[in-house]
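# Structure of the sequence below:
(2 chains)
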Amino acid sequence: MTDSAPQPTPKRIAALSDPIPTQPPRSQWLDVWDQFKQHRGALIGGITFLVIILAVLVGPAVWWVDAQYLPKGREFINLRDTRPIYVALWDNAAKVDWAHPLGTDNLGRDTLARMMSGGRVSIAVGLTAMLLSILLGTLIGVVAGYFRRMDGVLMRLTDLFLALPLLPLILVASLLFRETLSAIFGVEGGVFVLVVSLIGITSWMHTARIVRGDVLALKEREFILAAQSIGTKPKYLVIRHLLPNVMSPIMVSATLGIAVAIITESALSFLGFGFPPDFPTWGRLLNDSVDRMDLYPERVLWPGLAISLTVLSVNYLGDGLRDALDPRIRGR
Amino acid sequence: MLTFTIRRLVLSVPTLLFISLVIFLLLELAPGDPMAQVPLTVPPDVKEKMRQALGLGEPIHIRYVKWLIQFFWIEPQVLFDHIFGTSFADGKLRVISWQTRSPVMDLVVQRLPQTLWVVGVAYVLAVIIAIPVGIYSAYKQYSIFDQFGTFITMIGFSVPPFFTGPLMVVIFAVNLHWFPSIYDTTLVVDDLESLGKQIRQMFLPVMVLALQITAQISRFMRASMLDNFNQDYVRTARAKGMSEYTVVMVHVLRNSLIPVVTVIALGIPSIFGGAIITEQVFAVNGIGQALISAIQANDLPMVQTLTFIFAVLIVVFNLIADVLYGVLDPRVRYD
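Numbers count the residues shown, from 1 in each chain, chains lettered A, B, ... in the order given. A predicted model of the protein is given here:
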């Protein structure tokens, strides 16, 4: 108690009185943010990732060259195979055009616009596939951890999925189910659904294992017993008490899942099993330009750098989140 | 330990059977038609005969069992015949590829050496580089070497092989002419000159693969070393007056290697997956490329067999990793 206030009971033992906190309570997320700020790589990674997302989202509104525009006749000859403007620095004879800062491809389409629309698809695939895999992983992990009867079956299933040769199976499935899905959702939509669901279905296992382990440990804690004793139904127990406590490992594997999904999608597109050529993603752009790489290295360089930078920033972000969300590290 | 190994061996049989069933059903239920490439002018009754000739007339379960018999019973017999010159498998039907009309296993045997050379050398090289790097960056935590190493490993994680591959081809093969850009499978190594050629053509794919693997293993090695540096036994060893070299290289290293060895064993099958892309970039005529061309040609028996071989590799190396863990760490015994 403060010494200025008049004490009604004169005899108070100092050791027994509770210390009053002098500062207002801090929320957990403020602590997390403080720790996150310490990790410089994570901060830079997070900002870079946000900038990339903004660039592909807002970019097409600012840079309103149509990515699909195919010039015809004389315009085609004038426009095609333009080099990026910086090439003019060392090569006077290079064909550059200020209207196309990153140049054009062999059909005269603007590379910058194609990079932006490709990035939209790549990042959309990454985020959606990550969401699907996290949903599946969390669902299976929580069910396996909470309901003892399901544990054996679901964990055997997880082991089985871990033993499957995933990349070959994804390749096979992406070719075999392409036409059916294209008939239902249209060509682009079908491939999108196909790629997202293939990546999601083949990458939930690690999340499920982590979540199951955490749920198993949490289940024995007193607050769960308390919640059970006042008659909380299993559904609310899971949603209100278990899920908030396993959020941090889920968030970490979600960030890292984005990186895995973007790489897998690009690999599929690179091998020619992903999106069609007129609906480019970064991987597809890279694949299309590998053949003439010695003449036009920029067409490989820019999509490759975009993939690498996105994945690098997401990996650093995940690294920082792991440190920030771990209470044992946060105290230090 | 022996009972554990035997139990795991027995358990892996149903796992493998189930995986083969999953692969078979996936290929079976998928709406692709192996006759789709046949011209429309071919009359339907001829098409039906072609279908029968490919073995597609039977119901699903009979074809599955036949494939199992071919893969697990006839193919080992062929191998046995090949080694000992016997004739058990004479006249028995083997798994036939629809593309080449030759047994799939012959193709695998032709393709496997290239894959094993490139992947194996890359893996060994990566382990040899990664372990000292991991040890030193853990010993000097947050030093410039460690920061730089972390950055390099992050790049190894993030830059996909289908980007580093073409990049290396442009720099080293096209501009500098140091290495050939395409892997020549027909090269026979019989003297020093051809050995030099072989090394030069292997250099780029091995580097691309090794960068990825080094990143993963050195990261793991560093984390494992850091875990052990905080243990009490390290302080005890130092208090006894042991030299720093003995503490790090004998006490800490041996304990840190336990999880790393299992990670190395677990990584081997996934390398075959990663090799699919690298083989495609450098035109290495290996198993991964055989799989890709089989998928594109709708050659179902070939796809089924190759995918199953990948699955067998994964299961076998998982088993090896589990057993190694028990052998290396006496505290972990499974029975």
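
# gap between the helix or strand hosting residue A:309 and the chain center?
Take DSSP states H and E as the rule and residue A:309 turns out to sit in helix A:298-325. Offset of helix A:298-325 from its chain centre (C-alpha atoms, centre = their mean, to the nearest Å): 10 Å.

# Would you mind giving both backbone torsions of residue A:84?
Note on residue A:84: its backbone torsions stand at phi -60, psi 150 [degrees, to the nearest 10].

# what's around it, how many residues?
Neighbour count of residue A:84, defined by other C-beta atoms under 10 Å in any protein chain shown: 21. Just so you know, the C-beta spots here come from the backbone N, C-alpha and C atoms, and that holds for glycine as well.

# so who does the residue nearest to it when sequence neighbours are not counted touch?
Computed as C-beta to C-beta, 6 or more residues apart in numbering or on different chains, the closest residue to residue A:84 that is not its neighbour in sequence is residue A:103, at 4.5 Å. Counting by C-beta atoms under 8 Å, 6 or more residues apart in numbering or on different chains, residue A:103 touches A:81, A:82, A:83, A:84, A:85, A:87, A:96, A:97, A:111, A:296, A:298, A:299.

# Touching, residue A:232 and residue A:239? I think so.
No: using C-beta atoms under 8 Å, residue A:232 is not in contact with residue A:239; the gap is 10.0 Å.

# neighbour-wise, which of the two wins?
Remark: of residue A:232 and residue A:239, residue A:232 carries more neighbours, 16 against 13, as counted by other C-beta under 10 Å.

# which neighbours do residue A:232 and residue A:239 share?
The overlap between the contact sets of residue A:232 and residue A:239 (C-beta under 8 Å, 6+ apart) is empty.

# measure residue B:225 to residue B:124 for me?
Residue B:225 is 21 Å from residue B:124, where distance means C-beta to C-beta, to the nearest Å.

# Those two: which is more packed in?
Neighbours per residue, other C-beta under 10 Å: of residue B:225 and residue B:124, the larger number sits with residue B:225, 24 against 13.

# Contacts only, for the residue lying closest to the more buried one once chain neighbours are set aside.
Distances taken as C-beta to C-beta, 6+ apart put residue B:138 closest to residue B:225, at 3.4 Å, once the chain neighbours are dropped. Residues in contact with residue B:138 (C-beta under 8 Å, 6+ apart) are B:146, B:221, B:222, B:223, B:225, B:226, B:229.

# again, only this time at 7 Å
Residue B:138 sits next to B:222, B:225, B:226, B:229 when contact means C-beta atoms under 7 Å, 6 or more residues apart in numbering or on different chains.

# phi, psi of the first one?
Listed backbone geometry of residue B:222 is phi -60, psi -50, with angles given as degrees, to the nearest 10.

# I figured it hits residue B:139, correct?
No: using C-beta atoms under 7 Å, residue B:222 is not in contact with residue B:139; the gap is 9.4 Å.

# These two: which is more packed in?
residue B:222 (25 against 18).

# Can you tell me the element the residue of the stretch 1-150 of chain A found nearest chain B falls in?
Residue nearest to chain B within the stretch 1-150 of chain A: residue A:41 (8.0 Å; C-beta to the nearest C-beta). For residue A:41, the host element (DSSP H and E) is helix A:40-62.

# which other helices and strands contact that helix?
helix A:111-146, helix A:298-325 (3 or more C-beta pairs under 7 Å, 6 or more residues apart in numbering or on different chains; DSSP states H and E).

# can you rerun that using 8 Å?
The contact analysis (3 or more C-beta pairs under 8 Å, 6 or more residues apart in numbering or on different chains; DSSP states H and E) places helix A:40-62 against helix A:28-38, helix A:111-146, helix A:298-325.

# right, so of those, which gets closest to residue B:278?
Evaluated with C-beta to C-beta, those place helix A:298-325 nearest to residue B:278, the distance being 15.1 Å.

# and the closest residue in space to residue A:140 that isn't next to it in sequence, how many neighbours does it have?
Excluding the flanking residues, the one nearest residue A:140 by C-beta to C-beta, 6+ apart is residue A:208, at 4.3 Å. Applying other C-beta under 10 Å, we find 27 other residues in the vicinity of residue A:208.

# Also the one 4 residues further on?
Counted with other C-beta under 10 Å, the neighbours of residue A:212 add up to 24.

# any idea of the angle the host helix or strand of it forms with helix A:111-146?
Residue A:212 belongs to helix A:205-219 when elements are defined using DSSP H and E. Here the directions of helix A:205-219 and helix A:111-146 differ by 40 degrees (axes from the mean of the first three to the mean of the last three C-alpha atoms, to 10 degrees).

# Just list what helix A:205-219 packs against, helices and strands only.
Partner elements for helix A:205-219 (3+ C-beta pairs under 8 Å, 6+ apart): helix A:111-146, helix A:148-163, helix A:247-270.

# what's the closest of those to residue A:283?
Residue A:283 lies closest to helix A:247-270 among those, at 3.0 Å (C-beta to C-beta).

# ok, is the very next helix or strand once past that closest one in contact with chain B or not?
Remark: after helix A:247-270, the chain's next helix or strand is helix A:282-289, criterion DSSP H and E. Yes: if you take C-beta under 8 Å from any C-beta of the partner chain as the test, helix A:282-289 does meet chain B, through A:283, A:286, A:287.
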